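Undergrad: Sequence first, predicted model second:
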There are 2 protein chains.
Amino acid sequence: MKLQSDKTIRVGILDDHRIVIQGIQTALNDFDNVSVVCAAETKEDILPYLENIDILLLDINLGHEDGVMLCKQFKDSHSEIKIICLTSFTQVSFIKAMLRNGADGYLFKNVTTDELINAIQAVYAGERYLGNEVNEELIKYSLEHNRQSHAFIPKLTRRENEILSLIIDEFTNQEIASKLFISLSTVETHRMNICAKLGAKNTAGMVRNAIKFGLA
Amino acid sequence: MKLQSDKTIRVGILDDHRIVIQGIQTALNDFDNVSVVCAAETKEDILPYLENIDILLLDINLGHEDGVMLCKQFKDSHSEIKIICLTSFTQVSFIKAMLRNGADGYLFKNVTTDELINAIQAVYAGERYLGNEVNEELIKYSLEHNRQSHAFIPKLTRRENEILSLIIDEFTNQEIASKLFISLSTVETHRMNICAKLGAKNTAGMVRNAIKFGLA
DNA sequence: GCAGTAGTAGTGGTTTACCACTGATTTTGC
DNA sequence: GCAAAATCAGTGGTAAACCACTACTACTGC
């Protein structure tokens, strides 16, 4: 299969899921003018190759590393490189963060081969490319401030996490209030909010779900 | 490449990330005796195929659907099917939940092709297979959390276990009394005894310790 | 037959959690 | 610098949990 450009586009992959790397390589294999020149699972492994690739496909969730930060670092050290974020994260906050940090494209991992190739071509040509579903997500977000989106793991605030831990450690609301130098009613308010966020009806469900979601 | 078994193992994939599906298909492509017969992104899409596959590779985070629940549903409706969880979630709570819901294997998505094949073979042969890193995670967890649990696992009576389950399922004492056709005070008595046996001071500690001791 | 355990049930409390509101102040994100 | 989120705090009430007792019955094992 032949692409418009005559020059071969050198693509690098940084993703800690080997299955994903394999999937991308297979998808791009049929295209003569795109070549996967390196695939790495960590920042250290990809660094030596950065100077020899045109486009980097970058995941956000890289085990202990943060793809959002890496995007900025790579763009700072290698300004000529184009970065397409390829991730499972559909939250608008991540899309915005990546674009703010210099990403040239954003695709969800349910991308089709066609769209992946389109994205690579567009970004290589200097355009910005967002996947169809990415655009949909952005539009949906701007229309209705959909806070919950598809957050599978509820996100608690710093204070809520603090109080949740104390609840699980068997402290009563009054004890927590004294410990944190806040009033009883404040603790009760937080407690209600935690319950709601965790989809629980009472203390039992709250603790159960907290452990289930790995928040404890 | 030839596997031990003569019969072709029919594999199905349920994952909402097409790249992942593609990666698995590629990885399994080289093996004659394993065949990916279907790949779906939603529960509805996979349902018609369940009767014709031996092993299902199942993700946990499926957009709006919950893989943990689906595992139980599939096992209930198709008891002969083997399920291997293939996911990014490394939390022990998810591993336990999947195994409790009947999963036969658990792998993280950074699995190698070799290990994926090993897992499929083992599970097809009736064994349970957990990935190396999955095992490491479980060991790490048990070292961190279960210091005393080896020494002392509280023994609850049949009735106490019954009531504990209902408490964890967010039922109030009154609701439990009605459900079991016993009086409120009986439930309260049992509840006090459970608390004492689990070394807990209140509902939060009771649920926490019940899960810690593996009673939930 | 008797001790031990499990299950049941009661009285009469006190303490805590749950809940629906409202609203102020501070911090954070664009 | 504005808007949103987070944090803090209150009223006033109901529901539920917590607690210390006692005590009957049925079953189990020696």
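TA: Done, it's in.
Undergrad: quick check, A:Cys71 in a helix?
TA: Yes. Applying DSSP: H, G, I helix; E, B strand; the rest coil, one finds A:Cys71 inside a helix.
Undergrad: That one contacts A:Arg100, correct?
TA: No. Here A:Cys71 does not reach A:Arg100: they are 9.2 Å apart, not a contact under CB atoms under 8 Å. The C-beta positions use only the backbone N, C-alpha and C, and glycine is treated the same way.
Undergrad: more neighbours, the two?
TA: A:Cys71 (24 against 11; other CB atoms under 10 Å in any protein chain shown).
Undergrad: and the residue nearest to that one when sequence neighbours are not counted, what are its phi and psi?
TA: In space, and not counting its chain neighbours, A:Cys71 is closest to A:Asn101: 4.4 Å by CB to CB, 6 or more residues apart in numbering or on different chains. As for A:Asn101, its main-chain torsions (degrees, to the nearest 10) stand at phi -90, psi 10.
Undergrad: what's the burial count for A:Asn101?
TA: So A:Asn101, with other CB under 10 Å, has 19 neighbours.
Undergrad: again, but for the one 10 residues further on
TA: Around A:Val111 sit 24 other residues, with neighbours defined as other CB under 10 Å.
Undergrad: Checking it next. Helix, strand or coil?
TA: A:Val111 ends up coil, using three-state DSSP.
Undergrad: Excluding sequence neighbours, find me the nearest residue to it.
TA: Using CB to CB, 6+ apart, the nearest residue to A:Val111 is A:Gly131, at 5.8 Å.
Undergrad: what about the one you found, distance to A:Gly105?
TA: Applying CB to CB, to the nearest Å, the value for A:Gly131 to A:Gly105 is 8 Å.
Undergrad: Mind listing the shared neighbours of the two?
TA: Common contacts of A:Gly131 and A:Gly105, defined by CB atoms under 8 Å, 6 or more residues apart in numbering or on different chains, comprise A:Ala119.
Undergrad: Next, give phi and psi for A:Ile81.
TA: Note on A:Ile81: backbone dihedrals following degrees, to the nearest 10 are phi -80, psi 140.
Undergrad: Burial check on the residue of chain A found nearest chain B, number of neighbours?
TA: At 3.1 Å from chain B, A:Gly23 is the closest residue in chain A, using CB to the nearest CB. Look at A:Gly23: counted by other CB under 10 Å, it has 26 neighbours.
Undergrad: do stretch A:91-104 and DNA strand D meet at all?
TA: No. Against DNA strand D, stretch A:91-104 shows no contacts by CB under 7 Å from any atom of the strand, the least distance being 10.7 Å.
Undergrad: now that stretch: how far from the chain's centre is it?
TA: Counting by CA atoms, centre = their mean, to the nearest Å, stretch A:91-104 is centred 9 Å from the centre of its parent chain.
Undergrad: Mind listing what's buried along that stretch?
TA: Judged by neighbour count using 16 or more other CB atoms under 10 Å in any protein chain shown, the buried positions of stretch A:91-104 are A:91-92, A:94-95, A:97-99, A:101-104.
Undergrad: Redo the residues you listed as TSV? Include secondary structure and pLDDT.
TA: TSV is the format used below for those (DSSP: H, G, I helix; E, B strand; the rest coil; pLDDT from 0 to 100):
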residue	secondary structure	pLDDT
A:Gln91	coil	70
A:Val92	helix	68
A:Phe94	helix	76
A:Ile95	helix	79
A:Ala97	helix	75
A:Met98	helix	82
A:Leu99	helix	79
A:Asn101	coil	78
A:Gly102	coil	83
A:Ala103	coil	87
A:Asp104	coil	89
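Undergrad: Can you narrow those down to the ones near DNA strand C?
TA: Answer for the buried residues of stretch A:91-104 near DNA strand C: none qualify (CB under 7 Å from any atom of the strand).
Undergrad: Return the member of the residues you listed nearest to B:Asn110.
TA: Comparing the buried residues of stretch A:91-104 against B:Asn110 with CB to CB places A:Phe94 closest, at 20.3 Å.
Undergrad: got the contact list for that closest one?
TA: Residues near A:Phe94 by CB under 8 Å, 6+ apart: A:60, A:68, A:87.
Undergrad: What is the neighbour count of A:Arg159?
TA: Neighbour count for A:Arg159, taken as other CB under 10 Å: 15.
Undergrad: in the strand or helix carrying it, what's buried?
TA: Taking DSSP states H and E as the definition, one finds A:Arg159 inside helix A:158-168. Within helix A:158-168, the residues that count as buried by 16+ other CB under 10 Å are A:160, A:163-164, A:166-168.
Undergrad: Does whichever helix or strand comes after that helix reach DNA strand C?
TA: Where DSSP H and E defines the elements, the next helix or strand beyond helix A:158-168 is helix A:173-180. Yes. Using CB under 7 Å from any atom of the strand, we find that helix A:173-180 touches DNA strand C at A:173-174.
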